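The following block contains a protein sequence and its predicted model.
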Amino acid sequence: MTLLELALIVATLLAALTAGFVFSFASVVMPGIGNLTDKEFIRAFQAIDGVIQAGHPVFGLVWIGSVFALVAAAILAVLQNDGLVPTLVVASAVVYTLGVQLPTFLINVPLNNALQMLNVDDMDELMLASERRSFENRWVRWNLIRTAFASGVSVSLMLVLLWL
C-alpha cells in the first residue's frame with residue numbers, strides 16, 4: 001500500500017463519516033425536532049449543538065481531520081500520479097472545502113451560535129417563533145447542500161480508490 005492509497009483511505013473514511021453526520025441531521029435530527037414546539041425545538045438544538053461545540057474529540061478529529069486528509073491526499077496525488085487521479089483528488093478536496101466546510105463556518109456555525117445565545121425562558125411565543133423561522137429553513141437548506149457535496153466527494157474518492 002502506498003502513502004497515497006493510505007491518505008485516500010483515510011480521506012475517504014473521514015469524508016464519508018462527515019457525509020453521514022450531515023445526512024443524519026438532514027434525514028432524522030431536523031425532521032425529528034421539527035415536530036417540537038418552538039421553545040422545545042430551540043432547546044433541543046441548543047443541547048445537540050452544545051455537545052458539538054464542547055469540543056467532542058472524536059467529532060473534531062473526523063470533521064477537521066477530513067480536511068487535512070483530503071489536502072494530504074491531493075498533494076500526494078499530484079506528486080505521485082499523472083492523468084485523471086490527481087485531477088479527481090484535487091477537485092474532490094476543492095469541492096469538499098467549498099461545499100462542506102465553507103458553508104459550515106460561514107452559515108451553519110453562525111446560525112448555531114446565534115441560537116445558542118437565546119434564553120428561551122425569557123422569550124414569548126412570538127419571539128420564539130421568529131427566532132426559529134430565521135434559523136430553521138436556512139440551516140436545513142445549507143445542511144442539505146453540505147450533505148450533497150460531502151456524499152458526492154465520498155463517492156468520488158471511493159471511485160478513485162477502486163481505480164488505483
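Alright, I've got the coordinates. Numbers count the residues shown, from 1 in each chain.

buried stuff in whichever helix in the chain runs longest?
Looking across the chain with DSSP state H, the single longest helix is helix 125-163. Residues of helix 125-163 classed as buried: 128, 131-132, 135-136, 139-140, 142-154, 156-157, 160 (neighbour count, 16 or more other CB atoms under 10 Å). From N, CA and C alone the C-beta is placed, and that goes for glycine too.

For this protein, which residues score under the pLDDT cut-off?
Nowhere does the chain drop to pLDDT under 70.

Please pick out the residue of it most distant from its centre.
Most distant residue from the mean C-alpha position of the chain: Asp124, 32.2 Å away (CA atoms, centre = their mean).

What separation is there between Val28 and Phe45?
14 Å (CB to CB, to the nearest Å).

Compare these two (neighbour count), which wins?
Taking neighbours as other CB atoms under 10 Å, Val28 and Phe45 compare with Phe45 leading, 23 against 10.

Is that one in contact with Leu115, as I believe?
Yes: the pair Phe45 / Leu115 is scored as a contact, 5.9 Å apart, by CB atoms under 8 Å.

hang on, the earlier thing: which strands and helices lie in contact with the longest helix of the chain?
Under the contact definition 3 or more CB pairs under 8 Å, 6 or more residues apart in numbering; DSSP states H and E, helix 125-163 sits against helix 3-24, helix 30-33, helix 38-53, helix 84-96, helix 102-103, helix 109-116.

Could you tell me how far the longest one lies from the centre of the chain?
Taking CA atoms, centre = their mean, to the nearest Å, one finds the center of helix 3-24 at 12 Å from the center of the full chain.

Give me the contact list for it.
59, 62-63, 65-66, 69-70, 72-73, 76-77, 80-81, 89, 92, 96, 100, 143, 146-147, 150-151, 153-154, 157-158, 160-161, 164 (CB atoms under 8 Å, 6 or more residues apart in numbering).

what do you get if the cut-off is 6 Å, keeping everything else the same?
Under the contact criterion CB atoms under 6 Å, 6 or more residues apart in numbering, helix 3-24 has outside partners 62, 65-66, 69-70, 72-73, 76, 80, 143, 146-147, 150-151, 153-154, 157-158, 161.
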